[in-house]
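Novice: just coords:
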């Protein structure tokens, strides 16, 4: 999220209008506020078993901010088809694997367990199916013989910080051209 905001502010291809979280204690909220971006938090734990009510509350600050594009970054909640549908074609996510390989969790360990030679990250459009939207960009890293899930995750994260702003810039520019 910080890399996205920094890229937008430095390069001017978009204006960050809100950083929202499902965790009021998320460190990113303070970082975003420090960068001058409005923030909002809706604690999903208050809505246990009622995803629709959580999403309705989350929509309030999102819709008020009037974003052209939603960028998920570290948002670890599965969103319903109704929520995703409201932002169809304009919601992006970054995932720490080379999709379609390893949707969901524990991606680095799964790549290691499979004996893969490489891992990486994917920026994709969000659709109602988890980690299944059109791929907009990928970055690859070699898996080293002494890698564990943590060391691999650290190297993939470096790539995420480069890839996501690049893909967002292209995505926004393509939308502006239409």
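Specialist: Structure's in. What do you need? Bear in mind the structure is a predicted one, so any value in this text is a computation, not a measurement.
Novice: from here on, contacts and neighbour counts on C-alpha atoms
Specialist: Noted.
Novice: give me the number of neighbouring residues for residue 129.
Specialist: Per other C-alpha atoms under 10 Å, the neighbour tally for residue 129 reads 12.
Novice: nope, residue 19 is what I meant
Specialist: Neighbours around residue 19, by other C-alpha under 10 Å: 26.
Novice: how about the contacts made by residue 9?
Specialist: 15-16 (C-alpha atoms under 8 Å, 6 or more residues apart in numbering).
Novice: repeat that with 7 Å
Specialist: residue 15 (C-alpha atoms under 7 Å, 6 or more residues apart in numbering).
Novice: can you give me the buried ones in the helix or strand encompassing it?
Specialist: Secondary structure assignment for residue 9, by DSSP states H and E: helix 2-11. Neighbour-count burial for helix 2-11, counted by 16 or more other C-alpha atoms under 10 Å, picks out 4-5, 7-8.
Novice: make JSON lines out of those and add distance to residue 151 and pLDDT.
Specialist: Below are those laid out as JSON lines (distance: C-alpha to C-alpha, whole Å; pLDDT from 0 to 100):
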{"residue": "4", "distance to residue 151": "23", "pLDDT": "98"}
{"residue": "5", "distance to residue 151": "26", "pLDDT": "98"}
{"residue": "7", "distance to residue 151": "26", "pLDDT": "98"}
{"residue": "8", "distance to residue 151": "29", "pLDDT": "98"}
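Novice: can you list those residues in CSV and add distance to residue 152?
Specialist: Output for those, formatted as CSV (distance: C-alpha to C-alpha, whole Å):
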residue, distance to residue 152
4, 22
5, 25
7, 25
8, 28
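Novice: which one of those is nearest to residue 87?
Specialist: Ranked by distance to residue 87 (C-alpha to C-alpha), these are led by residue 4 at 18.8 Å.
Novice: give the contact list for the closest one.
Specialist: Taking C-alpha under 7 Å, 6+ apart as the contact definition, residue 4 lies against residue 165.
Novice: is the residue in the chain sticking out farthest from the centre in a helix, a strand, or coil?
Specialist: For the chain, the C-alpha farthest from the mean C-alpha position belongs to residue 145; by C-alpha atoms, centre = their mean, that distance is 28.7 Å. On the three-state scheme (DSSP: H, G, I helix; E, B strand; the rest coil), residue 145 is labelled coil.
Novice: remind me, longest helix of this structure?
Specialist: The single longest helix within the chain, with elements called by DSSP state H, is helix 149-177.
Novice: and residue 91, what does it touch?
Specialist: Contacts for residue 91 were tallied using C-alpha under 7 Å, 6+ apart; they are 69-71, 125-126.
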